[in-house]
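In: generate a structure from the sequence data that follows.
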Amino acid sequence: MRVSFFWEGILTYLQSYVVPICTYDIDEERADLKRLHGTAFYFGANGFYLTARHVIEAALKAAEQDDVKAGLVVKSNHGQGLESMALDLKQYEFAPQPFDVAVGRSGYFPKTPLRTNMTEAHVWTDIAALGYPDSASVKDQDGLWMNVRGYRGHIQRPTIPRDIAIGTHPNGFELSFLTGPGSSGGPVFCVDTETVIGVIVASFRSEHIEDQVVEVQSNGAEYREMRVRVEQFGFAHDIRGLLDWKADLFEGHTLSEISEMPFGQLPSTRDLAP
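Out: Residues are numbered from 1 along each chain as shown. So this is what the prediction gives:
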């Protein structure tokens, strides 16, 4: 029983700073969650989160079409409580192209171990990731239930823009594990230091025919046999290329500076007490 309580506590802690982005409606002062669109994660001490640009765009588009709201589902009392609550997507900013990355603020200040700074990442670097894949969510008559999923593996290959044929990308990482839809926007971080090196943006699948046999029967019918090798991997944009990014939300500071800044040093947080 102790083990069960221990892991429940770990999951609750993870879900306080890695959170889903959903569309929702307000029903009798309660958020009625409609659909999961992706993942966001809080970093540093000043209430900033990172996610994928396409996650915010998709959530806002769906909210407009369905006449509902889009927001983050967080834990009460700045991550210290067990109850969930929804916060509207209001303050956010997109990173320069071609990064599929966005930063935002929501007045929520969880205790998060995640930081962004320059750290070494190469082939075989041990990494972990967190996200809310569709396959780990359940919708029933009582609502939408979402569960965080932890991934662990290594970097298969650091990539440069020309390496990925689909879409336009900055430097990135092939991951040794597949990340399901809904995990986009989640953090990829070094296991030893919990330093964020990437933001999950996609998964790729390719098929390669290794050999094929075609036989034509006497009646003209064809018999085919082939052996196909399937490759699948998750993909993340390398956040280290944005460490010098001065988003307007950062109040004159860079991403790396914001990550290391103690709470209360920004003008916007001096009078707040999480």
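In: just want the most central residue of the chain.
Out: With the centre of the chain defined as its mean C-alpha position, the nearest residue by CA atoms, centre = their mean is residue 186, 1.6 Å away.
In: how much space separates it from residue 248?
Out: Per CB to CB, to the nearest Å, residue 186 is found 24 Å from residue 248. The C-beta positions use only the backbone N, C-alpha and C, and glycine is treated the same way.
In: can you name the helix or strand that the residue of the chain positioned farthest from its centre falls in?
Out: Distance from the centre of the chain peaks at residue 218, with 55.8 Å (CA atoms, centre = their mean). Using DSSP states H and E, residue 218 falls within no helix or strand.
In: for residue 224, see how far away it is.
Out: 16 Å.
In: ditto for residue 112
Out: Taking CB to CB, one finds residue 112 at 53 Å from residue 224.
In: what of residue 50?
Out: 47 Å.
In: between residue 112 and residue 224, tell me which one has more neighbours.
Out: residue 112 (22 against 8; other CB atoms under 10 Å).
In: excluding sequence neighbours, find me the nearest residue to that one.
Out: Spatially, and ignoring its direct neighbours in sequence, residue 112 is nearest to residue 17 (3.7 Å; CB to CB, 6 or more residues apart in numbering).
In: how many neighbours does that neighbour have?
Out: Residues near residue 17, counting by other CB under 10 Å: 23.
In: got it, and residue 159?
Out: Residue 159 - counted by other CB under 10 Å - has 19 other residues nearby.
In: what's the closest residue to it other than its chain neighbours in contact with, if anything?
Out: If the residues on either side of it in the chain are set aside, residue 159 comes closest to residue 172, at 4.6 Å by CB to CB, 6+ apart. Listed by CB atoms under 8 Å, 6 or more residues apart in numbering, the contact partners of residue 172 are 158, 159, 164, 198, 201, 235, 236, 237, 238.
In: which ones are touching residue 169?
Out: With CB under 8 Å, 6+ apart, residue 169 has these contacts: 98, 100, 159, 161, 201, 237.
In: okay if I get the contacts of residue 172 as a markdown table plus secondary structure and distance to residue 9?
Out: Converted to a markdown table, the contacts of residue 172 look like this (DSSP: H, G, I helix; E, B strand; the rest coil; distance: CB to CB, whole Å):
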| residue | secondary structure | distance to residue 9 |
| --- | --- | --- |
| 158 | strand | 35 |
| 159 | strand | 37 |
| 164 | coil | 39 |
| 198 | strand | 27 |
| 201 | strand | 30 |
| 235 | strand | 32 |
| 236 | strand | 28 |
| 237 | strand | 31 |
| 238 | strand | 32 |
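In: farthest pair within these?
Out: Maximum pairwise distance in these, criterion CB to CB, is 14.9 Å, between 158 and 201.
In: between those two, tell me which one has more neighbours.
Out: residue 201 (26 against 16).
In: for the more buried one, which non-adjacent residue is spatially closest?
Out: Closest to residue 201 by CB to CB, 6+ apart is residue 100, at 4.5 Å.
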